[in-house]
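3D model of this:
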Amino acid sequence: MRNIILVHCTSSGKNFVEDIINRGYNPIVLELKASESEDGEIYNKHIHEGYERIPYDFDMIYEQDIYEETLEAVRKYDPLLVLPASEQGVILATRLAHDLGLLGNHIDNLDAMTLKDKMQERIAEHGLRSIKGKTIHNLEEALAFYDEEGLTEVVLKPTYSSGSASVRICLNRQELKDTLNYLFDGVNRFGDNIEELLIQEKINGVEYIVNTVSHKGIPRVTMVWKYNKIKTSEGAMVYDSCETVNELGLGEAEMVEYAYDVAKALGIQYGPVHGEYMIDEKGPVLIEVNCRPMGGDMPADFIDRISGQHETDSILDSYLKPERFFEEMKKRYELYAYGTLKFFIVPNDIIARSSPMARIITKLEAYHSTSLSSINMDEIFFPKTKDVETSGGTVFLVHEDFSEIEKNLNFLRTVERSAFSLILSEDSHVWEIKDDETYLKEVMPLLELAEKYGTGLFVTDQFVEGINILQINADQIEDITGKFDFIMVNLNKSLVDKNGDEKVKILLDIFSRLRTGGYIFIPKNNYELSASGRRGTEALLKVLDYRIELPPHNIKDVIIASKTK
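So this is what the prediction gives:
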């Protein structure tokens, strides 16, 4: 069985492992040496956690201190291919493939394939539109470029990085000064110290992704995506969402032509170009390329449902199956469903103990999967979002009806803005416990109001004498199999010690006992136990397609909702 080496296998590149096994080959992961910085150690830990989630057996080898030793270690496996499975693997994979005489891209093109300044220089040499910029090493060089070019808004980025890490937008000269001092004290995405930066004029337009694969220098498009990004108060560009382009609009066909020219200018003979482009009033222009699979840690079956073939499988075709590669080129660009990635934006540093959203979003019509489900219930630190790597988790949405995608995405954005603790909850609040008499005094007017709605269920921590309503506690919910015209929730003491995810599970179990057309009543003594309070509980109801009803004029501090489907 022939071996295929995957250099630094992470994010969506992990899909290579299954694809290689399915084709009858043996995958071997070549792990890179980690940066010795604290950020490098954190990044390396993240990589190893990703390896543990790959549900297949694979061999691992390790980069040596001396390149020649790494080359010989790889040579012993007599590999058929050496492929980059992430951005950080491009340089070593290209060198190894070249020195072993394997299919790949020429080593002379490495700088243009990996360095943000060199790729702009290369496309300019080929007569393609490029972004005006300069590599700088200090504040003086940056200010000189800024003044000489008469710029107002500029972009700063490391010459070698990915995922918008350490990318900053500066709207004036003072912001440029402040941001430069901050960035030069930092590290790139891979934990390496930033010693030089690229300063560029800012292009204002719509940002896209065009993913291509090439065989013998001939590129074909696999998928086109459109970004939605948000500028933070610190000038960072953070990902909000990324959605498929299912049908080309104005200017987008021209962008694809330009993307073909970019791949050829960079000398790409085999494999992927994950290209990011902007369209403004002048047309398309390259932001940057990454010569590896698109990131986002996208599941293979998520992409398969959208396009019929996920990217790592298309990449292997470009090397191993030229006949299939050219058959795919003959087909028109057609996607079978709409896809969206929603990246949660963490507003501040947080230590999360649960993720109620992981359970809630499974009820969304367009839900496919989420990274939130992998969060255990131990304390996990999430820094304030500043790039794709520091998002608070990803939700993958897919549906044949775009309106369902739009509806679900807008819901997630609303929760993110108004009830973020449903996404990542600290569960650290100390709740005030009242006596039973006080709780009953608060809930009795609601019981009197609800009785007219029909057959009811009272889920409560304080039982009431003399009412003709079935009363149960939280532990008895699973014993109830019938459906009810209304449900009154009066859980207070039993929820105090539960984390956010456990509270959501209990409420979902209760709501499932409601008939279509029935009503849910949730008083303040229940919804205030959620870290997101009333809005968080309303969000839970909305994801189930319940309707929030107008409160009666004489009843306060209660959520009333009806089941409409």
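
now the residue lying closest to Ile467 once chain neighbours are set aside, what are its backbone angles?
Distances taken as Cβ to Cβ, 6 or more residues apart in numbering put Leu447 closest to Ile467, at 6.4 Å, once the chain neighbours are dropped. Heads up, the C-betas are built off the backbone N, CA and C, glycines and all. Per-residue torsions, Leu447: phi -60, psi -40 (degrees, to the nearest 10).

one more: Gly518?
Backbone torsions for Gly518, taken as degrees, to the nearest 10, come to phi -80, psi 180.

likewise for the one 4 residues further on?
Note on Ile522: backbone dihedrals following degrees, to the nearest 10 are phi -130, psi 110.

that one pairs with what?
For Ile522, the beta-bridge partners under DSSP bridges are Ile559.

for it, what are its contacts?
Neighbour list for Ile522: 489, 537, 558-559, 561 [criterion: Cβ atoms under 8 Å, 6 or more residues apart in numbering].

tell me, what residue is most central in the protein?
Taking Cα atoms, centre = their mean, the centroid of the chain lies closest to Thr394, which sits 3.6 Å from it.

please tell me I have it right and it contacts Asp297.
Yes: if you go by Cβ atoms under 8 Å, Thr394 and Asp297 touch, sitting 6.8 Å apart.

and of the contacts of Ile522, the nearest to Arg332?
Nearest to Arg332 among these, counting by Cβ to Cβ, is Ala561 at 45.7 Å.

please report phi then psi for that closest one.
Dihedral angles (degrees, to the nearest 10) for Ala561: phi -140, psi 150.

let me see the contact set for it.
Ala561 neighbours (Cβ under 8 Å, 6+ apart): 519-520, 522, 538, 541, 546-549.

go again with 10 Å.
Contacts for Ala561 (Cβ atoms under 10 Å, 6 or more residues apart in numbering) come out as 511, 514, 518-522, 537-538, 540-542, 544, 546-549.

okay, the helix ranked longest in the chain in CSV with CA atoms only?
Using DSSP state H to define each element, the chain has its longest helix at helix 402-418. What follows is helix 402-418, C-alpha atoms only, in CSV (Å, rounded to 0.1, in the frame of the first residue of the first chain):
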residue,chain,number,x,y,z
PHE,A,402,-32.1,29.8,1.4
SER,A,403,-34.9,31.4,3.5
GLU,A,404,-34.3,28.7,6.1
ILE,A,405,-30.6,29.5,6.2
GLU,A,406,-31.4,33.2,6.5
LYS,A,407,-33.9,32.6,9.3
ASN,A,408,-31.6,30.4,11.3
LEU,A,409,-28.6,32.7,10.8
ASN,A,410,-30.6,35.8,11.9
PHE,A,411,-31.7,33.9,15.0
LEU,A,412,-28.1,33.0,15.9
ARG,A,413,-27.0,36.6,15.5
THR,A,414,-29.8,37.8,17.7
VAL,A,415,-28.7,35.4,20.5
GLU,A,416,-25.1,36.4,20.0
ARG,A,417,-26.0,40.1,20.6
SER,A,418,-28.7,39.8,23.3
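
mean confidence for that helix?
Taken as a whole, helix 402-418 carries a mean pLDDT of 94.

tell me the buried residues in stretch 250-266?
252, 255-256, 258-266 (16 or more other Cβ atoms under 10 Å).

distance between it and the chain's centre?
On the basis of Cα atoms, centre = their mean, to the nearest Å, stretch 250-266 sits 26 Å off its chain's mean C-alpha point.

any chance of the backbone angles for Glu528?
Glu528 adopts backbone torsions of phi -70, psi -10, taken as degrees, to the nearest 10.

and the helices in the stretch 401-550 of the chain?
402-418, 436-450, 500-511, 524-527, 533-543 (DSSP state H, counting those that start in this stretch).

now stretch 137-152 - C-alpha only, PDB.
The C-alpha trace of stretch 137-152 is given here as PDB (Å, rounded to 0.1, in the frame of the first residue of the first chain):
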ATOM      1  CA  HIS A 137      10.000  46.700   9.900                       C
ATOM      2  CA  ASN A 138       9.300  49.800  12.000                       C
ATOM      3  CA  LEU A 139       7.000  52.700  12.500                       C
ATOM      4  CA  GLU A 140       9.200  55.100  10.500                       C
ATOM      5  CA  GLU A 141       8.900  53.000   7.300                       C
ATOM      6  CA  ALA A 142       5.200  52.700   7.800                       C
ATOM      7  CA  LEU A 143       4.600  56.400   8.200                       C
ATOM      8  CA  ALA A 144       6.800  57.200   5.200                       C
ATOM      9  CA  PHE A 145       4.700  54.900   3.000                       C
ATOM     10  CA  TYR A 146       1.500  56.200   4.400                       C
ATOM     11  CA  ASP A 147       2.500  59.800   3.700                       C
ATOM     12  CA  GLU A 148       4.100  59.200   0.300                       C
ATOM     13  CA  GLU A 149       1.100  57.400  -1.100                       C
ATOM     14  CA  GLY A 150      -1.400  60.000   0.400                       C
ATOM     15  CA  LEU A 151      -3.400  57.200   2.100                       C
ATOM     16  CA  THR A 152      -6.200  57.500   4.700                       C
END
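
which residues does it contact?
Outside of stretch 137-152, the residues within contact range by Cβ under 10 Å, 6+ apart are 132-136, 154, 156, 170-173, 176-177, 179-181, 184, 195-197, 199-202.

now the buried members of the residues you listed.
By neighbour count, with 16+ other Cβ under 10 Å, these hold 133-136, 154, 156, 170, 176, 179-180, 184, 197, 199-201 as buried.

which of those fall in strands?
Residues of the buried ones among the contacts of stretch 137-152 located in strands (DSSP state E): 133-136, 154, 156, 170, 197, 199-201.

which of these sit farthest apart?
Thr135 and Cys170 (16.4 Å).

quick one: low-confidence parts of the stretch 101-250 of the chain?
Scanning the stretch 101-250 of the chain with the threshold set as pLDDT under 70 gives 162-165, 185-192, 235-236.

which residue ranges of the stretch 51-200 of the chain form strands?
For the stretch 51-200 of the chain, the strands defined by DSSP state E, counting those that start in this stretch cover 59-62, 81-84, 133-136, 154-158, 168-170, 197-201.

just send those strands back as CSV, with distance to Pro293 too.
What follows is those, written out as CSV (distance: least, Cβ to Cβ, whole Å):
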stretch, distance to Pro293
strand 59-62, 19
strand 81-84, 9
strand 133-136, 26
strand 154-158, 21
strand 168-170, 26
strand 197-201, 24
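
looking at those strands, spot the one closest to Lys216.
Nearest to Lys216 among these is strand 81-84; the distance by Cβ to Cβ comes to 15.0 Å.

hang on, the earlier thing: which residue, other than its chain neighbours, is closest to the residue nearest to the centre of the chain?
Nearest residue to Thr394, sequence neighbours excluded (Cβ to Cβ, 6+ apart): Ser371, at 4.7 Å.

so what pLDDT did the one you found get?
Note for Ser371: predicted pLDDT of 88.

pull the number of nearby residues for it.
Counted with other Cβ atoms under 10 Å, residues neighbouring Ser371 total 18.

was I right to think it contacts Ile361?
No: here Ser371 lies out of contact with Ile361, judged by Cβ atoms under 10 Å, at a distance of 11.2 Å.

any shared contact partners between those two?
With Cβ under 10 Å, 6+ apart as the test, Ser371 and Ile361 both reach 355, 393, 395-396.

need the residues you listed in JSON lines (columns: distance to Ser425 and pLDDT).
JSON lines is the format used below for the shared contacts of Ser371 and Ile361 (distance: Cβ to Cβ, whole Å; pLDDT from 0 to 100):
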{"residue": "Ser355", "distance to Ser425": "7", "pLDDT": "87"}
{"residue": "Gly393", "distance to Ser425": "12", "pLDDT": "91"}
{"residue": "Val395", "distance to Ser425": "16", "pLDDT": "96"}
{"residue": "Phe396", "distance to Ser425": "21", "pLDDT": "98"}
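
noted, bye for now.
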